[in-house]
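Everything below, folded, please.
(chains A and B)
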Amino acid sequence: GALVYQYPRRTICKSGTSMRMECQAVGFQATSVAWYRQSPQKTFELIALSTVNSAIKYEQNFTQEKFPISHPNLSFSSMTVLNAYLEDRGLYLCGARERGRDTQYFGPGTRLLVL
Amino acid sequence: QQQVRQSPQSLTVWEGETAILNCSYENSAFDYFPWYQQFPGEGPALLIAIRSVSDKKEDGRFTIFFNKREKKLSLHITDSQPGDSATYFCAASSSNNRIFFGDGTQLVVKP
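Numbering: from 1, shown residues only, chains lettered A, B, ... in the order given. Below is the predicted model of the structure:
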């Protein structure tokens, strides 16, 4: 079956430092990967949508300078949160989808705490 | 403008009752509507999905009713179990484009 793994599951970083999170798809080809941040109130914010062989599209209020994303192949993507501050806290979710298919599969998320 | 709206924000039912979760959307071009179930500490998991060409999709105790004309859909959970307690997200997309999520309904099933 289709599975999505995320690493780490939980991380704590000091304010102003950076941290990298990873997403791996197993059992299907992740031609597109969407990175979300979920607030404590459970609201989803789309950060960016990455499609292999296409430019990464960032949503308003999110930039490549702050959230650089790498999507080098059909099974792996990573995102870094640069200069993390309190407002960057939340659960970062990776949603992967295969071209031609509607279903987006999610990983368990990386919970970021900033001190 | 929020593309997908859900109601109620929270819902409590007794074990064995039917829970009804509502969803509406704005964009007539949306043609795929997945529902995700999320337990605390986990990522959302696809529960059931429907395409706009259908008006009903059933999978065990979970049924989606879809009204294209009114741009509304609902998720019915029959014979609710305490293990169904979770947050349920309605989502919508069109032709492999980005998926829009509602804000979720937190369901509590009391034994």
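
What's the local residue count around residue 49?
Picking chain A for this. 23 (other C-beta atoms under 10 Å in any protein chain shown). All C-beta spots, glycine's among them, are computed from the backbone N, C-alpha and C.

Hmm, no, I was thinking of chain B.
The local packing count at residue B:49 equals 16, with neighbours defined by other C-beta under 10 Å.

what's the closest non-adjacent residue to the most centrally placed residue in chain A?
A centroid search over chain A (C-alpha atoms, centre = their mean) returns residue A:35, at 3.3 Å, as the residue closest to the centre. Setting aside the residues directly before and after it, residue A:35 is nearest to residue A:47 in space (C-beta to C-beta, 6 or more residues apart in numbering or on different chains), at 4.4 Å.

pLDDT at that neighbour, what is it?
pLDDT recorded at residue A:47 is 97.

With residue B:96 instead?
You'll see residue B:96 listed with a pLDDT of 65.

Confirm for me that the residue nearest to residue A:35 is in contact with residue A:68.
No: contact status for residue A:47 versus residue A:68: not in contact, 11.0 Å apart, counting by C-beta atoms under 8 Å.

joint contacts of the two?
With contacts taken as C-beta atoms under 8 Å, 6 or more residues apart in numbering or on different chains, the residues that reach both residue A:47 and residue A:68 are residue A:79.

quick one, which of these two is more surrounded?
Using other C-beta under 10 Å, the more surrounded residue of residue A:47 and residue A:68 is residue A:47, with 23 against 16.
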